[in-house]
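> Sequence and predicted model, in that order:
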Amino acid sequence: MREETTRPGLARTSEGGFAVAMVLVVLVCLGMIAAAATMMTATDIKLSGLYTFSSAAGAAATAGLEHAAGHFVTNGSDTGWPVTGSTGGYDYTVTISRDVHDFGTGETFVWHDKDLGYNGLGIGDPVWVLVSTATRGDIRAVQRMRITPRSLTVEAQSALQSNSGVSLHGNITVSGINTRPDGTQVDPSDTSVNGVCDENKPAIRMTDDEDVTLQGTPDLYGNETYADNDPPYVQYDDSVVWHTPEEVLGLQSGALDSYKQSGEQYGTNRPDTLSGIVYVTDDFGSTGACATDGGCGNIQGSGILIIHNPLYNPREHDPEDPMYDPEKASDPAYAPANMGNINGGTFKGIIIADKINKINGNVDIYGAIMSLTEVEIDMIGAGTAEIFYSCQSIEQVESTIVDPVRLSWVAD
Amino acid sequence: MRATPDTAGFTLVELLVGMIVVAVLGSSLVTLLRVQHHAYNDQNAGVLAMQNARAGLDMMSKEMRNAGFDPYGLAGAGVTEWTATSFGYTADLNDDGDVLDPDEVVTYLYDPDDDLLVRREGGVQATVATRVTDLEFRYWSDEAGTPASTAAEIEQIRIRMEYETAEGALTGSLTTTVALRNQIYE
């Protein structure tokens, strides 16, 4: 039998107490370590979250500004403000107000002119301040952007303008007589030539000395001042030559970039009514004969129709120009965009195309047409198409609100 | 006859063998734990270093976008310093027509002696990120990366920042491009 070697009683009780104390101390230490680790983790998570939320709030405020700029295009400054929305869990609100500043003569509304710059003199376009506030709980970001509407000035000086040869066929009519969109003439006897919109113009303005060829029985009308020209009502004037749509519309280079789109959706037949700015960067309409491609298509609506390849520079295609580039001239990527076989419908506004071939059938156009190409490309009209210079249609175009000019931006 | 239970315990040899086996296993385990702990620490330091660098880069990028903010064209705000390791700008943040307020004159620069990304506002200097081993600014005049030849031409800035952990065990690099919107706007 094994002998008991420990004494019962006092010694055993003492060891038990020590163990309890030790366990308690260890537990307290472990608890403190766990609490510290938890606090550190919680702080890290909170800091990381705040940092993420702050960045996201800034992005939401920026999104709000873009939303508001788009709203300004379609609704102006009076309707539908403040603009509200949400993105990524953040709500944004954008207010609009006229900008006010003291230019040294007391507080006044701010205006911006593309040549003069900022001023309090009422010169140029009004400057608006958009303030975007994005929030989510306590997280908040504020950004400010100043914008101004982009005004258009259309320098149309004839019903049809060309930088190259023009060939008119059939019974097409080109009239520089100022005509209302309803087809009535304003004052056919007015012979004033002041360069203003509301006067009679030549039928065709040529910026080059290429020929205007008439085949069949086309009709040309215009300001009687040009009646004795050969052909009559055709003006040769190379004082202003436009090469880009922006130049025609009095805008800075690239101002229309946001409107660029492919012309494919406006293929042979166009049931859509055009409005505002339609800017296609490749061919518009039919490129082949009507019989083989199933129809010539109509053009219906109003506004500004631009058919322009941004890579196309007419000067690079002209062998007589110092900028002539034979490689680009033969590269399809740099070829002019073509408006082809427009056969019917009524369009009121401005058409700007690199190249036009053809305006056919019984289409009616009120406003002005401009071709940008300088190389020898016939601009052919045929059938009973009618092209009328119309100041009223042009002024309607000038009231189009284009993507506003972003003047300055800051994150508060 | 009933068998007597064996209560004699282990022999000395058995105990020694057992202890050696336990020692070997314990040693291996400790080594493994040490390696894992070391790797964990390195990774943790790497994450912290990246977080530190990214926060600094984001803060700098966000603020740089205000460069040239000049709502009335009176303050002459724009880029004031553009070297490979520093970028300075002014912005009329309070719309008062000047850039005389301290927070309207800002410079970000690299301190290679102490491996710091530094922000200087007026005369006050503050550290934005530590353990930055290199910082490079490149200045472009368009999105295609055409080098800018004047301060007014700068529209895009490519920033590359390199960083390391405290012991230099891990290194990393961050790159971003900042569009200076006020330089782009008309």
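Ah, there it is. Numbers count the residues shown, from 1 in each chain, chains lettered A, B, ... in the order given.
> Could you check how far A:A63 is from A:G70?
To A:G70, A:A63 is 11 Å away according to Cβ to Cβ, to the nearest Å. For the C-beta atoms, the positions are set from N, CA and C on the backbone; glycine is no exception.
> Compare these two and say which one has the larger neighbour count.
With neighbours defined as other Cβ atoms under 10 Å in any protein chain shown, A:A63 and A:G70 compare such that A:A63 has more, 20 against 13.
> Just the CA atoms from the strand ranked longest in chain A would do, formatted as PDB, please.
For chain A, the strand that runs over the most residues, judged by DSSP state E, is strand A:139-150. Output in PDB follows, covering the C-alpha atoms of strand A:139-150 (Å, rounded to 0.1, in the frame of the first residue of the first chain):
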ATOM      1  CA  ILE A 139     -20.000  62.400 -43.300                       C
ATOM      2  CA  ARG A 140     -20.200  65.500 -45.600                       C
ATOM      3  CA  ALA A 141     -18.400  66.900 -48.600                       C
ATOM      4  CA  VAL A 142     -19.000  70.200 -50.400                       C
ATOM      5  CA  GLN A 143     -17.800  71.200 -53.900                       C
ATOM      6  CA  ARG A 144     -18.300  74.300 -55.900                       C
ATOM      7  CA  MET A 145     -18.300  74.800 -59.600                       C
ATOM      8  CA  ARG A 146     -18.800  77.900 -61.700                       C
ATOM      9  CA  ILE A 147     -20.400  77.500 -65.100                       C
ATOM     10  CA  THR A 148     -21.700  79.800 -67.800                       C
ATOM     11  CA  PRO A 149     -23.900  78.900 -70.700                       C
ATOM     12  CA  ARG A 150     -22.100  78.600 -74.000                       C
END
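> Next secondary structure element downstream of that strand?
For strand A:139-150, the following helix or strand on the C-terminal side (DSSP states H and E) is strand A:160-162.
> List the contacts of the residue nearest the centre of chain B.
Nearest to the mean C-alpha position of chain B, by Cα atoms, centre = their mean, lies B:A53 at 1.1 Å. Shown in contact with B:A53 (Cβ atoms under 8 Å, 6 or more residues apart in numbering or on different chains): B:129, B:131-132, B:161, B:163, B:172, B:174.
> make it 7 Å
The contact partners of B:A53, by Cβ atoms under 7 Å, 6 or more residues apart in numbering or on different chains, come to B:129, B:132, B:161, B:163, B:174.
> Let me know whether the longest strand of chain A sits next to chain B.
Yes: Strand A:139-150 reaches chain B (Cβ under 7 Å from any Cβ of the partner chain) through A:R146.
> tell me how far that strand is from the chain's mean position?
19 Å (Cα atoms, centre = their mean, to the nearest Å).
> Give me the contacts around it.
Outside strand A:139-150, the residues that touch it by Cβ under 7 Å, 6+ apart are A:53-54, A:57-58, A:60-62, A:65, A:69, A:72, A:99, A:112, A:125-134, A:251, A:255, A:401-412, B:71.
> Where does the prediction get shaky in the stretch 301-412 of chain A?
A:375-382, A:401 (pLDDT under 70).
> Enumerate the residues of it near chain B.
The stretch 301-412 of chain A has residues A:405-411 near chain B, with proximity defined as Cβ under 7 Å from any Cβ.
> Widest-spaced pair of these?
In those, two members sit farther apart than any others by Cβ to Cβ. They are A:V405 and A:A411, at 19.8 Å.
> the more surrounded of those two?
Set A:V405 next to A:A411 and count neighbours by other Cβ under 10 Å: A:V405 wins out with 21 against 18.
> about what we covered before: make a markdown table out of the contacts of B:A53 and add secondary structure and neighbour count.
A markdown table is the format used below for the contacts of B:A53 (DSSP: H, G, I helix; E, B strand; the rest coil; neighbours: other Cβ atoms under 10 Å in any protein chain shown):
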| residue | secondary structure | neighbour count |
| --- | --- | --- |
| B:A129 | strand | 24 |
| B:V132 | strand | 26 |
| B:M161 | strand | 23 |
| B:Y163 | strand | 26 |
| B:L174 | strand | 16 |
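> Mind putting those into a markdown table with distance to A:D321?
Listed next are the contacts of B:A53 as a markdown table, based on distance: Cβ to Cβ, whole Å:
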| residue | distance to A:D321 |
| --- | --- |
| B:A129 | 54 |
| B:V132 | 53 |
| B:M161 | 48 |
| B:Y163 | 54 |
| B:L174 | 48 |
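> quick check, nearest of those to A:K355?
Among those, B:L174 lies closest to A:K355 (Cβ to Cβ), at 49.2 Å.
> who's in contact with the closest one?
B:53-54, B:57, B:161.
> Repeat that for A:M206.
A:162, A:212, A:234-236.
> can you redo these as JSON lines with neighbour count and pLDDT?
Converted to JSON lines, these look like this (neighbours: other Cβ atoms under 10 Å in any protein chain shown; pLDDT from 0 to 100):
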{"residue": "A:S162", "neighbour count": "25", "pLDDT": "90"}
{"residue": "A:V212", "neighbour count": "23", "pLDDT": "89"}
{"residue": "A:V234", "neighbour count": "24", "pLDDT": "94"}
{"residue": "A:Q235", "neighbour count": "21", "pLDDT": "93"}
{"residue": "A:Y236", "neighbour count": "16", "pLDDT": "92"}
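> now, which of those residues lie within strands?
Within these, residues falling in strands by DSSP E are A:162, A:212, A:234-236.
> and of these, the nearest to B:E63?
Relative to B:E63, and with distances defined as Cβ to Cβ, the nearest of those is A:S162, at 52.3 Å.
> so where's the stretch 1-150 of chain A shaky on pLDDT?
Across the stretch 1-150 of chain A, the ranges flagged by pLDDT under 70 are A:1-18, A:40-41, A:43-51.
> Flag every buried residue along the longest strand of chain A.
Residues of strand A:139-150 classed as buried by neighbour count (16 or more other Cβ atoms under 10 Å in any protein chain shown): A:139, A:141, A:143-150.
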